[in-house]
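1. Take this sequence and fold it.
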Amino acid sequence: MFVHFNRFREFLKSERNYSEHTVRAYMTDLLQFSGFLREKVFNSACDEFDFSSVDEVAIRAFLGWLHRRKNLKSSISRKLASIRTFFEFLLREGVVNRNSAKLVPTPKGEKKLPAFLTVDEVFTLLDTEYANSAIGYRDKTILELLYSSGLRVSELVGISLSDINLTNSLVKVLGKGGKERIIPFGSKALNAINLYIPKRSELKPRGDFLFVNSRGGRLTSRSIARIVKRYAKMSKIPKSVSPHVLRHAFATHLLGSGADLRAIQEMLGHSSLSTTQRYTHTSIEKIMEIYDKTHPRA
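-> Residues are numbered from 1 along each chain as shown. Purely as a prediction, here's the structure:
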C-alpha cells in the first residue's frame, strides 16, 4: 500500500506539478481512506491490502462514514476527488482494472456564496494605522497587494523581489498547476511596496522572497491569514476576513465597476469561466441600489 502511496506522491509532484500543500492534502485524504478500509472493510491490522478488491460499495461506505461524522459536503467531495485521482493512477500503473471511484457520484455541495466585503469595509481595513516599522510596512503591503491584485495567498508567499516590476506595476506569480501569469497592481499597492522594500533589510532576509518574517524567513500562508485577521479585528469589521475574502472583494468590486468577466478570469488565474461567474451574484446588491435610486416605481 505504502509503495503505491509513495509512487502516487511522486506522480502528483513531478507530473501534476502540485504544490507541497496540495500533495499533503491528497495524502491525508488517502491515509484516512485506507484507515477506514483496514478497520471497517477488511477488518485487518495489516497495512497491506489489495486495492483491486476495493469497489464502489466500499467507497460509498467511506463517504457515508464521513457524513455520519459531520464532515461538510465540500470536504467529502474533495476526499472523493482524491480517491478518484488515486485510482486513476493505479489504473494507469496496472494495479487495478477500473476506477471504481468514478462510479460514485459527487455529493451535491452546499451552495455557499462567496464572502463579501463592501468597498467601504475594504478601505477601512486598508486605512488602518500601521506601525512605523519594517513589520508595519510589510503588513500594509500584504493587504494592499492582496486587494489590488486578487492573488491567492499561496501565490503571495511565493513572490520574489525579482517578480516585481515597479516600473510597470506588474507582479509575476506561479499559480495552480505551475501556471505563470503576470498581474497588474494599483498605485496604492505600488506606494506600499516602495515604502516596504527599503525597510525589508531590517528583517535580515535569508532569501529573495518579498515577504519575510521577523527572523528573516519566508512568511507562510498561515502567517498571512493571521495578519489579515488581526488587522480586520483592529478595523472593527464585523465579518470573518481572510486573504481569500480579499480575493473575492477584488473580483466583486471589479465586476461591479463594469470590468469584463474574461479579464477578471485571467487576473484570478481561473481555468474555467464558470468559477469566475460565482462572483456575479454580488452584483445584485449594486443592481438593487441602482434600481431603488432610478426606477420611478421603486
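2. only C-alpha atoms for contact and neighbour calcs from this point on.
-> Fine.
3. Below-threshold pLDDT in this structure: ranges please.
-> 1, 43-49, 109-115, 274-298 (pLDDT under 70).
4. again, 80 this time
-> 1-2, 40-50, 108-116, 177, 256, 258-261, 270-298 (pLDDT under 80).
5. Which stretches in the stretch 151-298 of the chain count as helices?
-> Ranges of helices in the stretch 151-298 of the chain, per DSSP state H, counting those that start in this stretch, are 153-157, 187-200, 221-234, 243-256, 261-268, 273-276, 283-294.
6. could the ones you listed be laid out in CSV, adding distance to Leu170 and mean neighbour count?
-> Formatted as CSV, the helices of the stretch 151-298 of the chain follow (distance: least, C-alpha to C-alpha, whole Å; neighbours: other C-alpha atoms under 10 Å):
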stretch, distance to Leu170, mean neighbour count
helix 153-157, 13, 21
helix 187-200, 9, 17
helix 221-234, 21, 17
helix 243-256, 16, 22
helix 261-268, 11, 17
helix 273-276, 22, 14
helix 283-294, 27, 12
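7. can you list those in JSON lines and add distance to Leu143?
-> Shown next, in JSON lines, are the helices of the stretch 151-298 of the chain (distance: least, C-alpha to C-alpha, whole Å):
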{"stretch": "helix 153-157", "distance to Leu143": "10"}
{"stretch": "helix 187-200", "distance to Leu143": "9"}
{"stretch": "helix 221-234", "distance to Leu143": "7"}
{"stretch": "helix 243-256", "distance to Leu143": "8"}
{"stretch": "helix 261-268", "distance to Leu143": "16"}
{"stretch": "helix 273-276", "distance to Leu143": "22"}
{"stretch": "helix 283-294", "distance to Leu143": "23"}
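8. Nearest to Phe42, out of the ones you listed?
-> Proximity to Phe42 (C-alpha to C-alpha) singles out helix 221-234 among the helices of the stretch 151-298 of the chain, at 37.7 Å.
9. What is the closest one packed up against?
-> Judged by 3 or more C-alpha pairs under 8 Å, 6 or more residues apart in numbering; DSSP states H and E, the packing partners of helix 221-234 are helix 134-149, helix 153-157, helix 243-256.
10. Which residues does that helix contact?
-> With contacts defined as C-alpha atoms under 8 Å, 6 or more residues apart in numbering, helix 221-234 is touched by Leu125, Thr128, Asp139, Ile142, Leu143, Val153, Ser154, Val157, Ser240, Val241, Ser242, Pro243.
11. Most widely separated two among those residues?
-> Thr128 and Ser154 (24.0 Å).
12. what's the longest helix in this protein?
-> The longest helix of the chain (DSSP state H) is helix 73-93.
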